[in-house]
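In: Here is my input; please provide its structure:
(one chain, ligands or ions: 1)
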Amino acid sequence: MGAPQELPEWPHLEKLLATVPTPFLMVNLADIRRRYLELQRVFPGVKIYYSVKANPAVQVLGLLRDLGAYFDIASIYELDRLLGLSVPPARISYGNTIKKEKDIAYAYERGVRYYASDSDEDMRKIARAAPGSRIFFRIITEGSGADWPLSKKFGAHPDVLFTLILEARELGLDPMGLSFHVGSQQRDIGQWDQSIAHCRYLFDACREKGTELSMINLGGGLPSNYLHETLGLDVYAGEILRFVEEDFPKNPPELWIEPGRGMVGDAGILASEVVLISQKNRRDIHKWVYIDAGLFGGLIETLGEAIKYPILTDRTSSLAATETVVRDYPRERADMEVVLAGPTCDSMDILYQNHRYRLPRDLSVGDHVFFLSTGAYTTSYSSVEFNGFPPLKAYFIDGDQPA
Ligand SMILES: *Cc1c(COP(=O)(O)O)cnc(C)c1O
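Out: Below you'll find the model as predicted:
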């Protein structure tokens, strides 16, 4: 893995560029299908719960429904969308530890029976609103090693969970297992090892008290193909499954994973257009390149320059000959240092200024700038109408089928 990555379906992209305005996201469903099958292959026997928030488009959800995937939701709105697509509630888990009691009741009435929890208050809500449901308890993680950490907001210390788990039975719930999230775009596979060791500890402690846990939800964290290289999905899976085997040599637990980014990230290309190029000071060696996509239009994960997308322009070479460009990115001949910024009137709307991308010196207003691996957390994070700009539009192609 690591940039460069699988070649996009350029004929589809060229067709879109000729017919619709930028910015837009093009999602190749064929990439998601391939990724799902790959996840199934490298994580044999593991239940794949797609984290809906990464890309909640009906096209994506429908595809994964047909492939037999499970789904992890964070709200009743995501639930409604899945049910509207005839996803059976038995294939849905309510993985948000922060939920209103009336939303739990809503999910329960519609047949959802798996819930995440990490606090006494939440568990009592579940006991009242979703009696008898199966609970997995979320272990807190550090999030170190992750480009987009989710640390500290979710989960609780194993000792807290231990008390909750023993209490769950008394409340009429079924404490089935544990979950954790090592942080999104996790580049250190060892982070799973630590959390799995915590699971081992809790499995043992609970067994001594007569409660048998049986499931570990390994969460998200699987990477997309950004500028920073990561190991291949097969390496991630091999290592993670080995950690589980080492800690659970007998009676292996049921395993779930919840890929969001790792499922859809690489399937998207965000196309934008250069609006303005300027130089603020004659001595500056860099130019400012303003494009029509920004932090509020789908690229919020550039906040703090956390996620660094591979970037191409259509001037680097013709789209038809992009193969070499993708392969060789970033190239010396792309020789202008730029600060990349979005189009809105908020000074926060700067994509990259510390990491200086190099773009062709002859880049001009009207040229396209493409952000690769933008299939995750772009449309779902896009603002509704800041400065009047509409939310990021997405178009779906199926690259395995004729254009
Ligand atoms: C967001 C989220 C995921 C997906 O994480 P990725 O790193 O995008 O794969 C999985 N599980 C939970 C509970 C989440 O909140």
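In: Can you pull the poorly scored residue ranges out of the stretch 151-300 of the chain?
Out: 151 (pLDDT under 70).
In: Strands of that one, residue ranges please.
Out: Secondary structure of the stretch 151-300 of the chain by DSSP state E, counting those that start in this stretch: the strands cover 174-179, 184-186, 215-217, 254-257, 268-278, 286-291.
In: Most tightly packed of these?
Out: Neighbour counts (mean count of other CB atoms under 10 Å) averaged over each of those peak at strand 184-186, with a mean of 27. C-beta: built from backbone N, CA, C; applies to glycine.
In: Could you give the separation of that one from the chain centroid?
Out: Counting by CA atoms, centre = their mean, to the nearest Å, strand 184-186 is centred 8 Å from the centre of its parent chain.
In: Tell me which strands it pairs with, and in which orientation.
Out: Sheet pairing for strand 184-186, assigned by DSSP bridges, gives strand 146-148 (antiparallel).
In: What lies in contact with the strand it pairs with?
Out: 182-188, 191, 221, 226, 228, 261, 301, 306-307 (CB atoms under 8 Å, 6 or more residues apart in numbering).
In: Of these, just the buried ones, ChimeraX syntax please.
Out: Listed next is the ChimeraX selection for buried residues among those, using 16 or more other CB atoms under 10 Å:
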select :182,183,184,185,186,187,191,221,226,261,301,307
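In: Closest one of the contacts of strand 146-148 to residue 393?
Out: Nearest to residue 393 among the contacts of strand 146-148: residue 301, at 18.3 Å, using CB to CB.
In: how close does the closest one sit to residue 347?
Out: Per CB to CB, to the nearest Å, residue 301 is found 19 Å from residue 347.
In: Same check on residue 65?
Out: Taken as CB to CB, the span from residue 65 to residue 347 is 42 Å.
In: Tell me which of these two has more neighbours.
Out: Neighbour count, other CB atoms under 10 Å: between residue 65 and residue 347, residue 65 has more, with 19 against 7.
In: Quick check, the more buried one in contact with residue 83.
Out: No: judged on CB atoms under 8 Å, residue 65 makes no contact with residue 83 at a distance of 11.0 Å.
In: Stretch 102-117: end-to-end distance?
Out: Start-to-end span of stretch 102-117 (CA to CA, to the nearest Å) is 16 Å.
In: State the mean pLDDT of it.
Out: Taken as a whole, stretch 102-117 has an average pLDDT of 98.
In: what's next to it, contact-wise?
Out: Contacts to stretch 102-117, defined as CB under 8 Å, 6+ apart, come from residues 75-76, 79, 83, 88-90, 92-97, 123, 125-126, 129-130, 132-138, 164, 176, 179, 217.
In: at 7 Å what do you get?
Out: Residues from elsewhere that reach stretch 102-117 (CB atoms under 7 Å, 6 or more residues apart in numbering): 76, 79, 83, 89-90, 92-97, 123, 125-126, 129-130, 133-138, 179.
In: Thanks a lot, catch you later.
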